[in-house]
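Undergrad: I would like the atomic coordinates for the input below:
(2 chains)
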Amino acid sequence: GAVVSQHPSWVICKSGTSVKIECRSLDFQATTMFWYRQFPKQSLMLMATSNEGSKATYEQGVEKDKFLINHASLTLSTLTVTSAHPEDSSFYICSAHVRATGELFFGEGSRLTVL
Amino acid sequence: DAKTTQPTSMDCAEGRAANLPCNHSTISGNEYVYWYRQIHSQGPQYIIHGLKNNETNEMASLIITEDRKSSTLILPHATLRDTAVYYCIVRSSSGGSYIPTFGRGTSLIVHP
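TA: Numbering: from 1, shown residues only, chains lettered A, B, ... in the order given. Below you'll find the predicted structure:
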């Protein structure tokens, strides 16, 4: 099946720094990617919908200036957590939507720990 | 808000069939039922999906009721590696409801 790769799989950073997470579709083109956040023992919470070549659509309560999303190509979307704080520590997951088939493939997730 | 309801947890003996129910009473005509599972600290893994007919693949079977208001995922011979959180979601392949939203899922524990 199709593969979606996230990088890094885990990252530890100091409070106040910015962290970039990449999401790549390795063998298909994804016009739409979704970004989720998952806290321990909770479900996936949709943060934003990222469309190639246009601005991301953020869910209510998600700060667009804090979570910068860029989808510059059909195979890459990035999420940048700016000025990270300990409460941003979470498991971030991306998924890629295949328009032709409607299928959805998920990345392996990126665990962010902010000290 | 998620449009499905699932039991919070279930358990199953290794080698036996695991039957995971999902209620989606507000499903619309163009929405599919998708099942994913998430093993701890990994991204969700696709299992199976269907519209109205029952489906089977190498991982599982999906039984959808005739009125499409509920479905059951069947793992025919559960193994310890099937221990995971199973999510049932409904979404269309295009249009407004194609954005996938997740409920709390069912935590399946397979025991020896």
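Undergrad: what residues does chain A put near chain B?
TA: Taking Cβ under 8 Å from any Cβ of the partner chain as the contact definition, chain A meets chain B at A:1, A:4, A:6, A:34, A:36, A:42-46, A:49, A:91, A:93, A:95, A:97, A:99, A:101-109, A:111. Yep, even glycine has a C-beta here, placed from its N, CA and C like the rest.
Undergrad: any idea how far the helix or strand hosting B:V90 is from the chain center?
TA: Here B:V90 sits within strand B:84-91, counting by DSSP states H and E. The chain centroid and the centroid of strand B:84-91 are separated by 4 Å under Cα atoms, centre = their mean, to the nearest Å.
Undergrad: what does it contact?
TA: The contact list for strand B:84-91, computed with Cβ atoms under 8 Å, 6 or more residues apart in numbering or on different chains, reads A:43-44, A:102, A:104, B:2-4, B:6, B:20, B:22, B:24, B:27, B:31-40, B:44, B:47, B:71, B:73, B:97-103, B:105-108.
Undergrad: Can you flag the buried ones in these?
TA: A:43-44, A:104, B:2-4, B:6, B:20, B:22, B:24, B:27, B:31-38, B:44, B:47, B:71, B:73, B:97-103, B:105-108 (16 or more other Cβ atoms under 10 Å in any protein chain shown).
Undergrad: quick one: which of those residues sit in strands?
TA: Those of the buried ones among the contacts of strand B:84-91 mapping onto strands are A:104, B:20, B:22, B:32-38, B:47, B:71, B:73, B:106-108, per DSSP state E.
Undergrad: any idea which of these is closest to A:T80?
TA: Distance to A:T80 across those (Cβ to Cβ) is lowest for A:L104, with 23.0 Å.
Undergrad: I figured the closest one hits B:Y46, correct?
TA: Yes - using Cβ atoms under 8 Å, A:L104 makes contact with B:Y46 at a distance of 7.2 Å.
Undergrad: Please enumerate the shared neighbours of those two.
TA: B:Y34.
Undergrad: Now the two most distant members of the ones in strands among the buried ones among the contacts of strand B:84-91.
TA: Those two in these that are separated most widely, counting by Cβ to Cβ, are B:Y32 and B:S107, at 23.5 Å.
Undergrad: Name all residues that make contact with A:E22.
TA: Here A:E22 is in contact with A:6-7, A:76-78 (Cβ under 8 Å, 6+ apart).
Undergrad: buried ones in the helix or strand harbouring it?
TA: According to DSSP H and E, A:E22 maps onto strand A:19-25. Residues of strand A:19-25 classed as buried: A:19, A:21-25 (neighbour count, 16+ other Cβ under 10 Å).
Undergrad: Just give me how far the next helix or strand after that strand sits from the chain centre.
TA: Using DSSP H and E, the helix or strand that follows strand A:19-25 towards the C-terminus is strand A:32-38. Relative to its parent chain, strand A:32-38 has a centroid offset of 5 Å by Cα atoms, centre = their mean.
Undergrad: Kindly report the same for stretch A:67-85.
TA: Taking Cα atoms, centre = their mean, one finds stretch A:67-85 lying 7 Å from the centre of the chain it belongs to.
Undergrad: If anything else comes up later, I'll come back, but that's it for now.
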